[in-house]
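Trainee: Fold the following, please.
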Amino acid sequence: MDELELEFELDARLDNDCVTLGDFPLCRLLLMNDAQYPWFILVPRRADVSEIYHLSLADQAQFLQESSFLAENLHDVFDADKINIAALGNVVKQLHIHHVVRYEGDAAWPAPIWGASPVKPYGAADIRDIHEKLRLMMPQKVNFVARNLID
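Mentor: Numbers count the residues shown, from 1 in each chain. So this is what the prediction gives:
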């Protein structure tokens, strides 16, 4: 573990709005607690990083690999019509990338999801189900954890 990972701390807003599912080699995998969309977030476990270019070249490559791997698996697990991937950072400056499973006819389709409707939190059983689906689909790539799962 390098010094930047030791100093990593998840932004309080992400910690509050999401459930931690596990860790890829570089990124923390979060589930946004909004049941309207299967919505996942990758956060590189590096301190003081707000832009992709702040990462080392090796971390940039790893970040892209993890994002692509996640997107492909989410498409398959959730039978998506589209995977929206975005890195905005206007509210939470810590570098994070959204992976949102979209369906024609979802609550915001075809518009962006941000602000489309109030958040609808998951039930505990739904979160455990998503956690298990992903754990079974990606066991060798993600160190899945049970912390912050809603009981």
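Trainee: From residue 57, how far off is residue 123?
Mentor: Residue 123 sits at a distance of 42 Å from residue 57 (criterion: CB to CB, to the nearest Å). Every C-beta, even on glycine, is put in place using the N, C-alpha and C of the backbone.
Trainee: same question, residue 31
Mentor: 29 Å.
Trainee: got it, and residue 85?
Mentor: From residue 85 to residue 57 the distance is 20 Å (CB to CB).
Trainee: and if you look at residue 23?
Mentor: 21 Å.
Trainee: Among these two, which residue is more densely surrounded?
Mentor: Taking other CB atoms under 10 Å, residue 23 and residue 57 do not tie; residue 23 has more neighbours (16 against 8).
Trainee: what sits against that one?
Mentor: Each residue near residue 23 by CB atoms under 8 Å, 6 or more residues apart in numbering is listed here: 29, 45, 142, 143, 145.
Trainee: Show me the beta-bridge partners of the spatially most central residue of the chain.
Mentor: The centre of the chain sits closest to residue 41, judged by CA atoms, centre = their mean, with a distance of 1.7 Å. For residue 41, the beta-bridge partners under DSSP bridges are residue 30, residue 98.
Trainee: pretty sure it contacts residue 99?
Mentor: Yes: if you go by CB atoms under 8 Å, residue 41 and residue 99 touch, sitting 7.2 Å apart.
Trainee: Which pLDDT value goes with residue 138?
Mentor: Reported pLDDT at residue 138 in the predicted model: 77.
Trainee: how far away is it from residue 66?
Mentor: In terms of CB to CB, residue 138 sits 10 Å off from residue 66.
Trainee: now swap in residue 143 and tell me
Mentor: From residue 143 to residue 66 the distance is 12 Å (CB to CB).
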